[in-house]
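Visitor: what would the 3D arrangement of this be:
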Amino acid sequence: MKKNVIEETKISSELFEEHQKDDWYFDVKKAVKLGVIDEIMTDINLDNFAIKEDKKDGAE
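Guide: Residues are numbered from 1 along each chain as shown. Below you'll find the predicted structure:
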């Protein structure tokens, strides 16, 4: 899990180690800053939401 968190987010190994035994909570602004989420959605109108297709399975 540590490898995945460090590779996929902006959380450093040191920061991960510091909090690995904690119940670690943070607000959405910090989640964006740490790269845990990409953005904060403010509009949940599905007409404006583009769904990206997964091309890994070869489907077009």
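Visitor: give me the pLDDT for residue 45.
Guide: Residue 45 is assigned 73 on the pLDDT scale.
Visitor: same thing with residue 56?
Guide: Looking at residue 56, its pLDDT stands at 56.
Visitor: how about residue 40?
Guide: pLDDT for residue 40: 85.
Visitor: do I have it right that it meets residue 33?
Guide: No - using Cβ atoms under 8 Å, residue 40 is not in contact with residue 33; the gap is 11.3 Å. Yep, even glycine has a C-beta here, placed from its N, CA and C like the rest.
Visitor: which residues touch the nearest residue to residue 33 once chain neighbours are set aside?
Guide: Nearest residue to residue 33, sequence neighbours excluded (Cβ to Cβ, 6 or more residues apart in numbering): residue 10, at 7.3 Å. Applying Cβ atoms under 8 Å, 6 or more residues apart in numbering, one finds that residue 10 lies in contact with 33, 34, 35.
Visitor: can you give me the neighbour number for the second one?
Guide: Around residue 34 sit 15 other residues, with neighbours defined as other Cβ atoms under 10 Å.
Visitor: give me the pLDDT value at it.
Guide: On pLDDT, residue 34 comes in at 94.
Visitor: and it, how far from residue 16?
Guide: 10 Å (Cβ to Cβ, to the nearest Å).
Visitor: coming back round to it: let me know the secondary structure of the residue nearest to residue 33.
Guide: What DSSP: H, G, I helix; E, B strand; the rest coil gives for residue 10 is coil.
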